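Engineer: coordinates only, sequence not included:
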Ligand SMILES: Nc1ncnc2c1ncn2[C@@H]1O[C@H](COP(=O)(O)OP(=O)(O)OP(=O)(O)O)[C@@H](O)[C@H]1O
Ligand SMILES: [Mg+2]
């Protein structure tokens, strides 16, 4: 798949002297949902703001659909919609005017039918004449999305779109993101909700202290780094793991009533079959068994911790 955004050797030092981004190389593929994960202060908003032309890049180059974001700013920017992390909107305007005005900013001709469609999709239609200041927090967040979609961008950045929103709105947003992707829009989102990335993303990037720690296909990442555990509930408690089973990574738990086998998610089948056979031969019986798999959250915590 072709890169729609390409970031090369990007570093950013703020006026304060703080180095927020260090030598970032990143390619976003056309049509994908890319989730950028990282702890507070990692540089997510800085990176997005630079790509969207809100914060000046330091060194490095960025192109959006082949257009350099500095040399060809207007063309590059018009392809992008940005849902910012902070709620900043003109309080006294009506919802309708705010969204229509956003479209105008990108030099697009007025299109009331499009604005109506966007407001309806975001359940803001009945608020179209309300002043922005009278909206609830969740509605303001929807409004930010409506504004970002007003000029029909081909690339949408969502900077923590679901921070502090209720479960229903979160689901609505996920649905909207999926339908945008189906319409060919490339989506880049940042989130602290790792289950969100796990659910939504095609690829995942992890950023920590201004550096990209990893970029990986989600499914592959989970397979590569995910540990699996098989827990066997034993019929009779064991005092220790029998020496003949020492080749396996086994641990006793729950006062010897459970045997836990930890293995890599890759290529596990044969080893489980062998373990069960060896257990039988060792005369160890079990009442029940279940497997668990580490979540993206476990993987993420390990990655970020290891890099500290
Ligand atoms: N205008 C600025 N001047 C100086 N430092 C800044 C500025 N904006 C951000 N920073 C610093 O850059 C670092 C990265 O901030 P950024 O907002 O990009 O993080 P983030 O990953 O978006 O975090 P969060 O998850 O909290 O939103 C932080 O240490 C922050 O204090
Ligand atoms: Mg941020």
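Structural biologist: All right, it came through fine. For clarity, every value in this text was computed on a predicted model and none was experimentally measured. Ligands and ions are numbered 1, 2, ... in the order given.

Engineer: who's residue 19 bridged to?
Structural biologist: Using DSSP bridges, the bridge partners assigned to residue 19 are residue 13.

Engineer: Which other helices and strands does the host helix or strand of residue 146 contact?
Structural biologist: Element membership of residue 146, judged by DSSP states H and E, is helix 137-149. In terms of contacts (3 or more Cβ pairs under 8 Å, 6 or more residues apart in numbering; DSSP states H and E), helix 137-149 is packed against strand 80-83, helix 95-105, helix 112-121, strand 155-159, helix 167-182. Every residue, glycine included, has its C-beta placed from N, CA and C.

Engineer: one more time with 7 Å, if that's ok
Structural biologist: Under the contact criterion of 3 or more Cβ pairs under 7 Å, 6 or more residues apart in numbering; DSSP states H and E, helix 137-149 touches strand 80-83, helix 95-105, helix 112-121.

Engineer: in the longest one, what counts as buried?
Structural biologist: Residues of helix 95-105 classed as buried by neighbour count (16 or more other Cβ atoms under 10 Å): 95, 96, 97, 98, 99, 100, 102, 103.

Engineer: Check the third one and give its pLDDT.
Structural biologist: You'll see residue 97 listed with a pLDDT of 95.

Engineer: Spatially central residue for this structure, please.
Structural biologist: Centre of the chain computed as the mean C-alpha position; nearest residue by Cα atoms, centre = their mean is residue 35, 2.7 Å away.

Engineer: Pull the contacting residues for it.
Structural biologist: 189, 191, 197, 200, 201, 204 (Cβ atoms under 7 Å, 6 or more residues apart in numbering).

Engineer: Kindly reformat the residues you listed as TSV containing distance to ligand 2, secondary structure and pLDDT.
Structural biologist: Conversion of the contacts of residue 35 to TSV gives the following (distance: Cβ to the ion, whole Å; DSSP: H, G, I helix; E, B strand; the rest coil; pLDDT from 0 to 100):
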residue	distance to ligand 2	secondary structure	pLDDT
189	12	strand	94
191	10	coil	83
197	15	helix	83
200	18	helix	89
201	17	coil	93
204	17	strand	92
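
Engineer: ok, the residue lying closest to residue 43 once chain neighbours are set aside to residue 12 distance?
Structural biologist: Leaving aside its sequence neighbours, residue 43 sits nearest to residue 210 (Cβ to Cβ, 6 or more residues apart in numbering; 4.5 Å). Going from residue 210 to residue 12 by Cβ to Cβ, to the nearest Å gives 8 Å.

Engineer: Same question for residue 25.
Structural biologist: The value you get for residue 25 to residue 12, if Cβ to Cβ is used, is 14 Å.

Engineer: Which one's more surrounded, these two?
Structural biologist: Using other Cβ atoms under 10 Å, the more surrounded residue of residue 25 and residue 12 is residue 12, with 22 against 12.

Engineer: Number of residues surrounding residue 28?
Structural biologist: Neighbour tally, residue 28, other Cβ under 10 Å: 24.

Engineer: How confident was the prediction at it?
Structural biologist: Reported pLDDT for residue 28: 97.

Engineer: isn't residue 160 right up against residue 191?
Structural biologist: Yes: using Cβ atoms under 7 Å, residue 160 is in contact with residue 191, at 6.0 Å.

Engineer: Each with direction, which strands does the helix or strand harbouring residue 34 pair with?
Structural biologist: Secondary structure assigned from DSSP H and E places residue 34 in strand 33-37. According to DSSP bridges, strand 33-37 forms sheet pairs with strand 186-190 (parallel), strand 203-208 (parallel).

Engineer: now, of those, which is deepest in the fold?
Structural biologist: Counting by mean count of other Cβ atoms under 10 Å, strand 186-190 has the highest mean neighbour count of the strands paired with strand 33-37, with a mean of 25.

Engineer: how distant is that one from the center of its chain?
Structural biologist: Centroid separation for strand 186-190 versus its chain: 7 Å, with Cα atoms, centre = their mean, to the nearest Å.

Engineer: Now do it and strand 155-159, the angle between them.
Structural biologist: Taking axes from the mean of the first three to the mean of the last three Cα atoms, to 10 degrees, one finds strand 186-190 and strand 155-159 inclined to each other by 10 degrees.
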